[in-house]
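Peer 1: Need a 3D model of the sequence below.
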Amino acid sequence: MQLNADQVQHALPWASLIEALSAIFAREDVCSPVRHHHSIEVPGEPTATLLLMPAWIEGEYVGVKQVNVFPGNNARHLPGLSSHYMLSCGQSGQPLALLDGNELTARRTAAASALASRFLSREDASSLLMIGAGRMGRRLIPAHMSVRPIQTVRVWDRNAAASTALVAELRSSGIDAQVCHDAQLQEAAGEADIISCATLATEPVVFGDWLKPGAHLDLVGSFTPSMRETDNVAMQRCAVFVDTMAGALSETGDLIMPIREGAIGADKILAELAELCRGQHGGRAALANADQAVTLFKSVGDSREDLAAAILAYRNRG
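Peer 2: Coordinates of the predicted model:
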């Protein structure tokens, strides 16, 4: 069977997806090897990239996400990135479902941030600043709203038209949303209980000195060593948590750069998401002066998230 993007979306409601991620990170019997990364030569065009992200639970399910990145597609007016997820039976190996990988990835990424927020943001967090008004911003906002009593949302994007469009969508669904203009960004960041960033920035867009006591910073966008969304001060000020230690230390400039520059050490990372879900670290509640502590969650993605989402979508198929 196949599930397209719309079917994947409907099969993965936020509350159920967040619980599915929590459950899979709490398990210790999930195999999730480092992703496979291959370069593919395309005659007369830029080199393409093939990414394979497998994960399995013995005797239950086997899954793999295939991501194709073909830069030459821009000249053909086709998306440069396409992906799909194949879920198979863990007993027989027989294929069960082929799912749209783009929607699966976007939703599980947003759900992971919301899951982390459940451990790291204040329970009374009522204001959200969304930095980035693209695909991920549209999913991160409702995901965060599903775990915290968010009353107001402000949206900033380098492209003012993108911010305006997203705010209009949010207002049409009954959310109290406002555009955050460039001149207002520092003030908005200083007032927000939760700041979620999903950009392609290579220079910081939110700074540690802006964050108020008790704030939570959610970083999604930096997925290469040359990308970063915040500065060294934020990493020094914040209690830092990640989805996976290995991925965060090898893939994101938000950590690689401050470590290389000597601003922090790898030991600045207090725990992985799995340790939070297993109760091995208490999150905000375990921090000194918990109400005033400033927390940070950095995600780079993990194949366990894909597997959990695919299993849930398969079980919820209509």
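Peer 1: so where's this structure shaky on pLDDT?
Peer 2: Along the chain, the parts satisfying pLDDT under 70 run over 318.
Peer 1: longest helix in it, by residue count?
Peer 2: helix 101-120 (DSSP state H).
Peer 1: Buried residues of stretch 30-43, list them for me.
Peer 2: Using 16 or more other Cβ atoms under 10 Å as the test for burial, stretch 30-43 gives 30, 32, 35. All C-beta atoms are positioned from the backbone trio N, CA, C, and that covers glycine.
Peer 1: can you check stretch 182-201 too?
Peer 2: Residues of stretch 182-201 classed as buried by neighbour count (16+ other Cβ under 10 Å): 185, 188-189, 191-199, 201.
Peer 1: So what's the gap between that stretch and the chain middle?
Peer 2: Offset of stretch 182-201 from its chain centre (Cα atoms, centre = their mean, to the nearest Å): 17 Å.
Peer 1: in the protein, which spans are helices?
Peer 2: Using DSSP H, the helices found in the chain span residues 5-11, 14-26, 101-120, 135-145, 160-172, 185-191, 232-237, 245-251, 253-260, 273-277, 303-315.
Peer 1: need those in CSV with distance to residue 88, can you?
Peer 2: Listed next are the helices of the chain as CSV, based on distance: least, Cβ to Cβ, whole Å:
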stretch, distance to residue 88
helix 5-11, 17
helix 14-26, 17
helix 101-120, 15
helix 135-145, 26
helix 160-172, 36
helix 185-191, 44
helix 232-237, 40
helix 245-251, 24
helix 253-260, 34
helix 273-277, 24
helix 303-315, 10
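Peer 1: So for residue 129, which of those sits nearest?
Peer 2: helix 185-191 (5.2 Å; Cβ to Cβ).
Peer 1: returning to what we had before: could you work out the most separated pair of the buried residues of stretch 182-201?
Peer 2: Between any two of the buried residues of stretch 182-201, the greatest separation by Cβ to Cβ is 21.9 Å, found for 193 and 201.
Peer 1: Now flag whichever of the buried residues of stretch 30-43 is closest to residue 267.
Peer 2: residue 32 (23.5 Å).
Peer 1: got a list of what residue 306 touches?
Peer 2: 53, 55, 63, 65, 85, 104-105, 108 (Cβ atoms under 8 Å, 6 or more residues apart in numbering).
Peer 1: re the thing from before, and the longest helix of the chain, what's buried?
Peer 2: Going by 16+ other Cβ under 10 Å, helix 101-120 has these buried residues: 101-120.
Peer 1: swap in stretch 49-69?
Peer 2: Neighbour-count burial for stretch 49-69 [16+ other Cβ under 10 Å]: 53-57, 61-69.
Peer 1: which of those are the two that sit furthest away from each other?
Peer 2: Top of the distance list for those (Cβ to Cβ): 57 and 69, 27.9 Å.
Peer 1: any idea which residue sits dead centre in this structure?
Peer 2: Central residue of the chain (Cα atoms, centre = their mean): residue 109, 3.5 Å from the mean position.
Peer 1: Am I right that that residue is in contact with residue 135?
Peer 2: No: Residue 109 is not in contact with residue 135 according to Cβ atoms under 8 Å; the separation is 9.7 Å.
Peer 1: Including distance to residue 281, could the buried residues of stretch 30-43 go into TSV?
Peer 2: Formatted as TSV, these follow (distance: Cβ to Cβ, whole Å):
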residue	distance to residue 281
30	19
32	20
35	25
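Peer 1: Now, those residues that are in strands?
Peer 2: residue 30 (DSSP state E).
Peer 1: Please identify which of the buried residues of stretch 30-43 is nearest to residue 221.
Peer 2: For those, the nearest to residue 221 is residue 35 (18.3 Å; Cβ to Cβ).
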